[in-house]
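*Asks:* Give me a 3D structure for the following:
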Amino acid sequence: MDGIVVSWTKTALLQRNQIFEYWNKRNKSKVYSSRLNREIKKRIVTVKSQLEIGSPTSYGITRMIAMKHYSLFYKHLDNEIMITAFWDNRQDSKRLYSYLN
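*Replies:* Sure, this is the predicted structure:
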């Protein structure tokens, strides 16, 4: 677990930030976004300690870990975990496939 760096692609950061912005505006509060961010961090800690915990996908070495209405897609590359997408599962999956290809 030590020595493994976690990085986010620009796309994944954009997706996460857009989800946070949506909930901040909708709820007129950052409480839900903060809670979601803590859950994301917990999942990443879990992935760092158990690299193969995520479900395999049909996109090469990309794995997915579910978080209720969201999915975190990642790749394990040497000493790095790269978050490739943060997806709201209620969205059209065709858009997700274009991000992962």
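*Asks:* Strands along the chain, start to end?
*Replies:* Using DSSP state E, the strands of the chain run over 5-8, 55-56, 63-67, 70-77, 80-88.
*Asks:* how many degrees apart are the fourth one and strand 63-67 in direction?
*Replies:* Using axes from the mean of the first three to the mean of the last three Cα atoms, to 10 degrees, the direction of strand 70-77 lies 150 degrees away from that of strand 63-67.
*Asks:* these two touch, right, residue 33 and residue 16?
*Replies:* No - Residue 33 is beyond contact range of residue 16, at 9.6 Å (criterion: Cβ atoms under 8 Å). C-beta: built from backbone N, CA, C; applies to glycine.
*Asks:* neighbour-wise, which of these two wins?
*Replies:* Comparing residue 33 with residue 16 by neighbour count (other Cβ atoms under 10 Å), the higher total belongs to residue 16, at 21 against 18.
*Asks:* Pretty sure the more buried one sits against residue 87.
*Replies:* No - at 9.7 Å, residue 16 does not count as touching residue 87 under the criterion of Cβ under 8 Å.
*Asks:* Of all the strands of the chain, which one is nearest residue 46?
*Replies:* With Cβ to Cβ as the measure, strand 63-67 is the member of the strands of the chain nearest residue 46 (7.6 Å).
*Asks:* Identify the residue spatially nearest to the residue most central in space within the chain, adjacent ones excluded.
*Replies:* By Cα atoms, centre = their mean, the chain has its centre lying nearest to residue 72, at 2.8 Å. Leaving aside its sequence neighbours, residue 72 sits nearest to residue 65 (Cβ to Cβ, 6 or more residues apart in numbering; 5.0 Å).
*Asks:* swap in residue 52?
*Replies:* On the basis of Cβ to Cβ, 6+ apart, the spatially nearest residue to residue 52 that is not a chain neighbour turns out to be residue 63, at 7.4 Å.
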